[in-house]
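[1] Need a 3D model of the sequence below.
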Amino acid sequence: MALILPQFPVGSVLMPYMPLALRVFEPRYLKLMGDLVGSDNPVFGVPLYPQRVAAGQQPERLTIGTVAKVEDFGMTDENLGITATGTKRFVITKWLEPDPYPRAEVEYLPELVWDYKFDSQRMSLELEVRNLLTRASKYGEMLWDADTEVSDEPIASIWQLSGMLPVPGPELHTLLESEDVETLIENALAICAGGNRYLDALDAGQSPQD
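    Next up is the predicted model:
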């Protein structure tokens, strides 16, 4: 039996173990939240890409997202506000009719498995991410501070550090597609290296494209 999950594209990537705060005002998503309020398991999917194919068709590209579990409902100004946390990853296999709100058939992706041989790479990633955030903060406000705390649990911390990277959604989506810990760490470190090269050019007064 196919697993059907409501979808709420928010224009950004939600990583597992990362927090999500939303103000909800569109009628279809208010309907979704109304249905979740009384649920024993208030969850919805957060894909980067919205539905771009007709109902019943497969996505035009691999669409991976993260399940968000609602922790709290409340009112902010005149809008509904929610706080949630990313949990497991999924891949959309088929979009369904978009009324009363977007829904899709999904398959859950396997959880990443930790191996302590990656301890040194995990520590390197934390240093690189925090250094990149410190450097980038000179050029603008960051979503995450360089001293943001992460979990002591290895898998959770890797996802959190990856989610803190100050890069566009498509790059984070590539990390979300990682099939194993080694790939996730390597790709996250590569993003850090690219970010540092970009900042090196800015620090030197050069165009990063030169």
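
[2] What is the longest helix seen in the chain packed up against?
    Longest helix of the chain, by residue count under DSSP state H: helix 181-203. Applying 3 or more C-beta pairs under 8 Å, 6 or more residues apart in numbering; DSSP states H and E, we find helix 181-203 packed against helix 119-136, helix 154-163, helix 169-176. Using the backbone N, CA and C atoms, a C-beta is placed for each residue, glycine as well.

[3] Could you look over the ones you listed and pick the most buried one?
    helix 154-163 (a mean of 22; mean count of other C-beta atoms under 10 Å).

[4] Just the buried positions in the strand ranked longest in the chain, please.
    With DSSP state E setting the assignment, residue counts place strand 79-95 as the longest strand in the chain. By neighbour count on 16 or more other C-beta atoms under 10 Å, the buried set for strand 79-95 is Leu80, Ile82, Ala84, Thr85, Gly86, Arg89, Phe90, Val91, Ile92, Lys94, Trp95.

[5] Check what pLDDT the first one gets.
    This points to Leu80. In this model, Leu80 is scored at 84, pLDDT.

[6] Gly74 versus the closest residue to it other than its chain neighbours, what's the distance?
    Counting by C-beta to C-beta, 6 or more residues apart in numbering, Leu80 lies nearest to Val24, which is 4.4 Å off, once chain neighbours are set aside. As judged by C-beta to C-beta, to the nearest Å, Val24 and Gly74 stand 11 Å apart.

[7] any common contacting residues for the two?
    Listed contacts common to Val24 and Gly74 are Leu80, Gly81, Ile82; contacts here mean C-beta atoms under 8 Å, 6 or more residues apart in numbering.

[8] From those residues, pick the one nearest Leu36.
    Distances from the shared contacts of Val24 and Gly74 to Leu36 were compared by C-beta to C-beta; the smallest belongs to Ile82, at 8.6 Å.

[9] Can you give me every residue that contacts the closest one?
    Ile82 is in contact with Ala21, Leu22, Val24, Met33, Val70, Asp72, Phe73, Gly74, counting by C-beta under 8 Å, 6+ apart.

[10] Would you format the residues you listed as a markdown table with distance to Ile64 and pLDDT included?
    Putting the contacts of Ile82 into a markdown table (distance: C-beta to C-beta, whole Å; pLDDT from 0 to 100) gives the following:
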| residue | distance to Ile64 | pLDDT |
| --- | --- | --- |
| Ala21 | 22 | 91 |
| Leu22 | 20 | 90 |
| Val24 | 23 | 86 |
| Met33 | 23 | 88 |
| Val70 | 21 | 93 |
| Asp72 | 26 | 88 |
| Phe73 | 26 | 84 |
| Gly74 | 29 | 85 |
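
[11] element containing Glu141?
    Glu141 belongs to no helix or strand when elements are defined using DSSP states H and E.

[12] how many other residues sit next to it?
    Applying other C-beta atoms under 10 Å, we find 7 other residues in the vicinity of Glu141.

[13] roughly how far apart are it and Gly163?
    The spacing between Glu141 and Gly163, counted by C-beta to C-beta, is 17 Å.

[14] what does Pro42 give?
    Between Pro42 and Gly163 the distance is 21 Å, computed by C-beta to C-beta.
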